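S.K.: using only what follows, build the 3D model:
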Amino acid sequence: MITDRLLLATFIALAALLVIAWVAARLQTSRRNQGLAQGFADSTRSRLVFARTPTAGGFDAHFEPAPEPFAHLALVYRGGATGDPIGLLVRAMRGNDALIVRGLLHERPAAELLWARGQIPARALARRARVSLWVQRRSDLIASEYAVRGADTTALEHVFVDLQARFGALLQRVSVVADREDVHVEIVLHGAGLRATEAAALIATVRTLGRAAMRR
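M.R.: So this is what the prediction gives:
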C-alpha cells in the first residue's frame, strides 16, 4: 500500500515537473520570438504588421509599405512550440523550426538563382520548358552547388555568396525566380539560431538580393 502511494506521488511529482518545464519553455520561447520580431520591426523604416502576433509558436507579419525594391515583403516563422512537452524538447533538440522570408518584386527578376542545402535544386533538374537554361555552379567558398539562369547573374551570385557568408549555418533554401506570380524571392532558414540583432542585416541582404535580381 505504501509502495503504491509512493509510486503515485512520484508520478504526480514528475507530471508536475513536466508541466512546469513546458510552461517555462513556452514563456522563454515566447519572449525570444517577441525579441526577434522586434528586431525585424526595427530593421526598416516600414511598419511591421502582424497577421499573427509573436508567441511561442512563432509569428506572421508583413512590412507596410514594403521596403524597396519589393512590392510585398513578408515573414512567416514557425518557432517549434507544441502542446506536448516531450515533443517540444525533441523539436528544440533538432532545431525543427523555419523562418521564411518571402518577397514580391516590382518587376520580374532578370537573373534567377536556386539553392537548397545538401542537394542540387529539384526545380533546376526538372524536365520541362526552359529547364536547359539553368546553369549549375559550384562555389568553393561555400562548398555547395547552386543553379542560375539569366543573361548576367554575376551580381546576384555575389550577393548570394555574401548571404551564405553571413547566415550560411542557418540557411536551408534560397530561391529567386521569375515565373511565379506571388513570390519572386524566398529564403528559408532556421530562425531559432537567428539573434534579434541580426534581423536588420538579414533584411538588408535580402533587399540587396532583390536589387541584384532585377539588374538588366
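S.K.: need the phi and psi values for the nearest residue in space to Ala178 that is not next to it in sequence.
M.R.: In space, Ala178 comes closest to Arg108 once its chain neighbours are excluded; the distance is 4.3 Å by Cβ to Cβ, 6 or more residues apart in numbering. C-beta coordinates here come from the backbone N, C-alpha and C atoms, glycine included. With angles defined as degrees, to the nearest 10, Arg108 sits at phi -60, psi 140.
S.K.: next, find the distance separating Arg108 from Arg180.
M.R.: Here the distance between Arg108 and Arg180 works out to 9 Å (Cβ to Cβ, to the nearest Å).
S.K.: what is the neighbour count of the residue nearest to Ala178?
M.R.: Here the neighbour count serves as a burial measure; for Arg108 (other Cβ atoms under 10 Å) it reads 14.
S.K.: where do the helices sit along this structure?
M.R.: Remark: helices of the chain, listed N- to C-terminal, are 2-41, 85-94, 122-125, 154-167, 199-214; assignment by DSSP state H.
S.K.: among these, which one carries the weakest average confidence?
M.R.: By mean pLDDT, the lowest-scoring of the helices of the chain turns out to be helix 85-94, with a mean of 48.
S.K.: pretty sure Gly39 sits against Ala199.
M.R.: Yes. With contact defined as Cβ atoms under 8 Å, Gly39 and Ala199 form a contacting pair (3.3 Å).
S.K.: nearest residue to Glu145 other than its sequence neighbours?
M.R.: With Cβ to Cβ, 6+ apart as the measure, Arg138 is the residue that lies nearest to Glu145, at 4.8 Å, once sequence neighbours are left out.
S.K.: any idea how far Pro109 is from the one you found?
M.R.: According to Cβ to Cβ, Arg138 and Pro109 sit 22 Å apart.
S.K.: looking at the two, which one has more neighbours?
M.R.: When neighbours are counted by other Cβ under 10 Å, Pro109 comes out ahead of the other of Arg138 and Pro109, with 24 against 11.
S.K.: list the contacts for that one?
M.R.: For Pro109, the residues meeting the contact criterion (Cβ atoms under 8 Å, 6 or more residues apart in numbering) are 150, 156, 176-178, 184-185, 213-214.
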